[in-house]
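S.K.: predicted structure and sequence below. I'll ask about it afterward.
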Amino acid sequence: MIPNILYTLHHDLCTGCGICEGACPHGAITTVVRQGRFLPTIDEKLCRNSTGCHRCMDSCPGVGVDLVKMADEFFMDDGTKTDKWVGHYLKCFTGHSNDEDIRYHCASGGMVSQFLIFLLEKGYIDGAVVTAFDPKNELLVRSYIAHNREEVLQAKSSKYAPVSLHGMAQAIKQDKGTRYVIVGLPCHIQGFRKLEAVDRKFREKIAGYFAIYCSSGRTFYLTEHVFKERGIRKEDLTYFAYRDEGCLGSLIAKQNCKSLNDKDEVYKERFQSYYHSLRSFFIPRRCLFCIDHYGELGDVCFGDIHIKPYMDDKIGVNSLVVRKKEWLDLLEEAHKEDVITLDEIPVETLNASQKMAGKKKGRNERFIVLNKRLGRIMPEYDVQLPDKIGLKAILDYFQNRVQQFLGQHKTLWWLVSKLKKDTSHYE
Ligand SMILES: Cc1cc2nc3c(=O)[nH]c(=O)nc-3n(C[C@H](O)[C@H](O)[C@H](O)COP(=O)(O)OP(=O)(O)OC[C@H]3O[C@@H](n4cnc5c(N)ncnc54)[C@H](O)[C@@H]3O)c2cc1C
């Protein structure tokens with residue numbers, strides 16, 4: 001019998017994407033916050049697993065996905081080339097929004113937001129699933145379908161917190177439009193691609209997937225730790241961004257401060273300063289076994305570009321990978337209409353700018369092999385895993401696990417503060 005989602009949970013393979021909740025036809029799954037992450041809980045009385053239902057497992061990216069087979073199926077007909085790290089691609093670009101305000105305040109160059117606005121305003125799509133910062137929400141993040149420019153821009157920039165898209169498949173099916181884009185991390189896109197195969201109503205409404213490159217996710221404890229160290233009070237926040245004001249940007253926290261005549265008090269710190277200093281302390285274990293940096297099942301994928309001369313940019317610049325002719329044509333249309341800037345780059349330049357892409361396919365594959373040899377259940381991908389692990393990967397794995405242990409236990413956070421990397425040169 002194919003197990004239910006408890007299998008993923010028990011083997012600590014859950015990515016926290018929440019897709020199983022929407023996939024369950026019996027309402028047996030609820031996504032809850034536990035140990036700084038989103039995890040599913042199951043009401044065994046409602047679960048119909050014993051009668052052959054395994055929708056939750058069918059859509060679960062945590063247990064792995066046939067990345068190569070699925071990407072071949074989705075993209076090969078468009079005449080794509082393949083690259084060891086990027087997977088399928090038609091073209092790679094750098095680019096940015098031509099609206100200086102959007103470019104400056106978004107995560108990289110505002111390409112995701114600007115392109116979504118273009119698609120919505122032209123009527124090419126009816127909505128897009130996005131994730132916004134929400135000061136009224138206990139978790140500070142909220143996902144929804146954006147139908148217009150304002151709703152897209154509310155969701156601008158990167159959220160270094162768990163993002164569960166559990167209500168989104170249902171929301172798309174119930175929304176009155178016919179064409180939707182989902183913006184998500186590689187694991188979100190993998191889950192939705194799997195869901196598509198078993199949910200026709202959902203599949204029929206999907207126009208495309210925009211993936212965001214992802215080196216790894218972060219638990220809610222990252223934000224809690226950063227706030228604690230800096231004296232930022234969650235309950236007083238009126239505005240917050242992990243990245244705002246320029247290329248890569250800064251953490252900006254505005255909080256209502258009564259003692260300052262009711263004016264907003266602003267805290268600002270360079271993104272690299274707080275983010276890079278925290279090493280792997282707040283990375284979920286499952287991310288160590290992820291081999292998909294670029295979002296290989298996304299129709300278009302968006303990221304930064306960490307290489308000169310782009311790194312010297314002060315306003316904002318993106319890199320992107322396009323895999324579908326339809327989306328390439330629409331990007332070029334937006335470029336012709338002067339909405340975005342688009343410059344083709346060789347795939348080698350892109351890879352040179354993304355060190356983590358190599359780590360995911362090299363290092364993380366070794367982590368999978370190591371854990372399999374230790375008798376642990378690992379995600380299954382349709383790739384050839386390396387035969388040898390090597391001492392470096394073994395040490396790297398255990399260092400990561402020790403750091404994660406410290407990050408998971410709040411009583412040990414004083415050690416995190418002591419062991420974190422010195423990034424004062426970014427200030
Ligand atoms: C956890 C994480 C890790 C990343 N790692 C890398 C990396 O290693 N290398 C790299 O080049 N780029 C990475 N990025 C991508 C980068 O930070 C930008 O998100 C990307 O370049 C898009 O920039 P933009 O200005 O076009 O996006 P914007 O126009 O600012 O729009 C961002 C969009 O992303 C969505 N979004 C933001 N955070 C999340 C989230 N956590 N889950 C789902 N959707 C979200 C929002 O809904 C919004 O629509 C990462 C992003 C995240 C969230």
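M.R.: Now that the structure is in, tell me what you want to look at.
S.K.: how far does stretch 188-201 sit from the chain's center?
M.R.: Averaging C-alpha positions (Cα atoms, centre = their mean, to the nearest Å) puts stretch 188-201 17 Å from its chain's average.
S.K.: how about it: buried residues?
M.R.: Of the residues in stretch 188-201, those scored as buried under the neighbour-count criterion (16 or more other Cβ atoms under 10 Å) are H188, I189, Q190, G191, F192, R193, K194, L195, E196, D199. Heads up, the C-betas are built off the backbone N, CA and C, glycines and all.
S.K.: in which helix or strand would I find the second one?
M.R.: It stands for I189. For I189, the host element (DSSP states H and E) is helix 186-198.
S.K.: I'd like the buried residues of stretch 188-201 as TSV, with pLDDT and distance to E245 appended.
M.R.: Putting the buried residues of stretch 188-201 into TSV (pLDDT from 0 to 100; distance: Cβ to Cβ, whole Å) gives the following:
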residue	pLDDT	distance to E245
H188	98	27
I189	98	29
Q190	98	32
G191	98	33
F192	98	32
R193	98	35
K194	98	38
L195	98	37
E196	96	38
D199	97	40
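S.K.: ok, so of the residues you listed, who is nearest the ligand?
M.R.: Proximity of these to the ligand was ranked by Cβ to the nearest ligand atom; the top entry is H188 with 6.1 Å.
S.K.: so that closest one makes contact with I19?
M.R.: Yes: in this structure, H188 sits in contact with I19. The criterion is Cβ atoms under 8 Å, and the distance is 7.4 Å.
S.K.: overlap of the contact sets of those two?
M.R.: Overlap between the contact sets of H188 and I19, as judged by Cβ atoms under 8 Å, 6 or more residues apart in numbering, is given by P61, L165.
S.K.: which helices and strands does the helix holding I189 pack with?
M.R.: The contact analysis (3 or more Cβ pairs under 8 Å, 6 or more residues apart in numbering; DSSP states H and E) places helix 186-198 against helix 19-23, helix 55-58, helix 67-75, strand 180-184, helix 200-205, strand 206-212.
S.K.: tell me the most buried of those?
M.R.: When neighbours are counted by mean count of other Cβ atoms under 10 Å, the highest per-stretch mean among the helices and strands packed on helix 186-198 falls to helix 19-23, a mean of 28.
S.K.: got a list of contacts for that one?
M.R.: Residues beyond helix 19-23 that count as contacts (Cβ under 8 Å, 6+ apart) turn out to be 5, 8, 29-31, 40, 55-61, 164-170, 188, 191-192, 194-195, 198-199.
S.K.: ok, W413 touching H225?
M.R.: Yes: counting by Cβ under 8 Å, W413 does reach H225; the two are 6.0 Å apart.
S.K.: and the stretch 201-350 of the chain, which residues reach the ligand?
M.R.: Residues of the stretch 201-350 of the chain found near the ligand (Cβ under 6 Å from any ligand atom) are I212, Y213, C214, S215, G217, F302, G303, D304, N318.
S.K.: which members of these are the farthest-apart pair?
M.R.: The most widely separated members of these, counting by Cβ to Cβ, are G217 and N318 (20.1 Å).
S.K.: gap between G167 and the ligand?
M.R.: Using Cβ to the nearest ligand atom, to the nearest Å, one gets 14 Å for the distance from G167 to the ligand.
S.K.: on the pLDDT front, check that residue for me.
M.R.: At G167 the predicted local confidence, pLDDT, stands at 94.
S.K.: quick check: closest non-adjacent residue to it.
M.R.: G22 (6.6 Å; Cβ to Cβ, 6 or more residues apart in numbering).
S.K.: what's the answer for H335, then?
M.R.: Leaving aside its sequence neighbours, H335 is closest to L342 (4.3 Å, by Cβ to Cβ, 6+ apart).
S.K.: how many neighbouring residues does that neighbour have?
M.R.: Under the neighbour criterion other Cβ atoms under 10 Å, L342 is assigned a count of 20.
S.K.: what are the bridge partners for H88, then?
M.R.: Here H88 shows beta-bridge partners T82, assigned using DSSP bridges.
S.K.: now F210
M.R.: V183, V300.
S.K.: right, and it touches I182 too?
M.R.: Yes: applying Cβ under 8 Å, one finds F210 in contact with I182, separated by 7.2 Å.
S.K.: still on that earlier bit, turn the buried residues of stretch 188-201 into TSV, including distance to S108.
M.R.: Supplementary listing: the buried residues of stretch 188-201 in TSV, determined by distance: Cβ to Cβ, whole Å:
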residue	distance to S108
H188	18
I189	18
Q190	22
G191	24
F192	23
R193	24
K194	28
L195	28
E196	28
D199	32
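S.K.: V130 and V181 touch, don't they?
M.R.: No: V130 is beyond contact range of V181, at 9.1 Å (criterion: Cβ under 8 Å).
S.K.: helices of the stretch 151-300 of the chain, start to end?
M.R.: Assigned helices in the stretch 151-300 of the chain, in chain order: 168-174, 186-198, 200-205, 220-230, 271-275 (criterion: DSSP state H, counting those that start in this stretch).
S.K.: buried stuff in the helix or strand where the residue nearest to H335 lies?
M.R.: Secondary structure from DSSP H and E places L342 in strand 340-345. By neighbour count, with 16+ other Cβ under 10 Å as the criterion, the buried positions of strand 340-345 are I340, T341, L342, I345.
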